[in-house]
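Visitor: 3D, please:
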Amino acid sequence: MADFPQMNFTQMHERLRLELLRRIERGTLSVSLLARQTGFGQPHLSNFLHSRRQLSLEALDRVLAAQHLTAADLLPALRQAGTMPVDVEGSSVPVVSHHAALFEPYIRPATTISMLHLPPSMLQPLRTRASTTRRAWERFVAVRVPAADAAPMDPLVLPEAIALLDRHYTSLMAYSVDRPTLYAVRHGAHLTLRYLDFVSNRLVLRPHSLAFPVELIEIDPGDSPADLIAGRVALVLNET
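Guide: Numbering: from 1, shown residues only. Coordinates of the predicted model:
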């Protein structure tokens with residue numbers, strides 16, 4: 001049987017409250033915007049955000065839907081066992097094309113450009129947060145980042161860097177509270193590395209360098225931002 005963490009409704013409310021406050025603090029959400037999205041009054045939502053009341057199950061569902069979250073997103077991030085090859089010497093991750101990283105659940109030998117060898121201790125602690133469907137994909141892949149794609153993330157990502165992608169982390173929930181999460185995201189048919197936010201049914205792609213513009217991707221009704229996320233960038237190897 002799958003090993004899912006336990007969480008009661010009080011804990012679910014608290015995790016949702018903290019995630020909404022995080023989005024408000026980052027400027028991607030406001031109480032007034034959430035009120036328009038859900039149809040609830042601002043005082044009602046403000047009381048929830050300040051821990052003065054809880055939401056009903058119906059209200060909880062409406063807030064989750066408005067923010068493109070699921071109950072699974074609120075679970076503690078899982079550490080998947082058995083989802084990566086580990087041997088005595090280390091772990092081998094395929095370096096693939098951007099197209100393969102975006103669209104191929106299983107990496108074929110013909111798709112592999114080279115292999116990136118890493119110690120198991122680097123990959124084993126990484127946590128997952130993705131849909132059940134995505135967890136069926138081969139988890140780790142790596143891509144090389146051309147100069148034009150690296151420039152918006154300079155100096156975090158340098159030309160010809162290798163980015164290790166964790167395709168089992170596609171949630172917009174921040175991986176760490178002390179720094180922004182870097183994602184590989186599909187923009188048209190192109191893979192690009194950006195910080196992400198979600199505002200008013202738009203996925204916001206933020207560069208690291210202020211010399212480059214913020215970009216927006218409209219999310220169609222019924223779709224999820226996670227559908228466009230190839231994975232979290234777990235490691236960047238810059239060549240110097």
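Visitor: next SSE after the helix ranked longest in the chain?
Guide: Looking across the chain with DSSP state H, the single longest helix is helix 9-25. Using DSSP states H and E, the helix or strand that follows helix 9-25 in sequence is helix 31-38.
Visitor: that following helix: which residues count as buried?
Guide: When burial is assessed from 16 or more other Cβ atoms under 10 Å, helix 31-38 yields the following buried residues: V31, L34, A35, Q37, T38. No exception for glycine: its C-beta is placed from N, CA and C like everyone else's.
Visitor: what's the first helix or strand after that helix?
Guide: Criterion used, DSSP H and E; the element after helix 31-38 is helix 42-49.
Visitor: what comes up buried for that following helix?
Guide: L45, F48, L49.
Visitor: so which of these would you say is closest to A101?
Guide: Nearest to A101 among the buried residues of helix 42-49, counting by Cβ to Cβ, is L49 at 37.1 Å.
Visitor: surely M115 meets I107?
Guide: No - applying Cβ atoms under 8 Å, one finds M115 not in contact with I107, separated by 10.7 Å.
Visitor: who touches both of those two?
Guide: Both M115 and I107 are in contact with P94, where contact means Cβ atoms under 8 Å, 6 or more residues apart in numbering.
Visitor: by mean pLDDT, flag the weakest helix or strand of this protein.
Guide: helix 71-74 (a mean of 72; mean pLDDT, DSSP states H and E).
Visitor: contacts for it?
Guide: So helix 71-74 is in contact with M7, M12, R15, L16, E19, L64, R129, S131, S171, L172, M173, going by Cβ under 8 Å, 6+ apart.
Visitor: ok, 7 Å please
Guide: Residues outside helix 71-74 that contact it (Cβ atoms under 7 Å, 6 or more residues apart in numbering) are M12, R15, L16, R129, S171, M173.
Visitor: could you verify my assumption that V93 touches L116?
Guide: Yes - the criterion here is Cβ atoms under 7 Å, and V93 meets it with L116 at 4.5 Å.
Visitor: neighbour count: the two, which is higher?
Guide: V93 (27 against 18; other Cβ atoms under 10 Å).
Visitor: just the closest of the buried residues of helix 31-38 to L156, please.
Guide: L34 (31.0 Å).
Visitor: for that closest one, which non-adjacent residue is closest in space?
Guide: Counting by Cβ to Cβ, 6 or more residues apart in numbering, L45 is the residue found nearest to L34 once chain neighbours are left out, at 5.6 Å.
Visitor: next, show the common contact partners of V93 and L116.
Guide: Both V93 and L116 are in contact with A142, where contact means Cβ under 7 Å, 6+ apart.
Visitor: for A65, pull up the helix or strand it's in.
Guide: helix 57-66.
Visitor: buried sites along that helix?
Guide: Buried-residue list, helix 57-66, by 16+ other Cβ under 10 Å: A59, L60, R62, V63, L64, A66.
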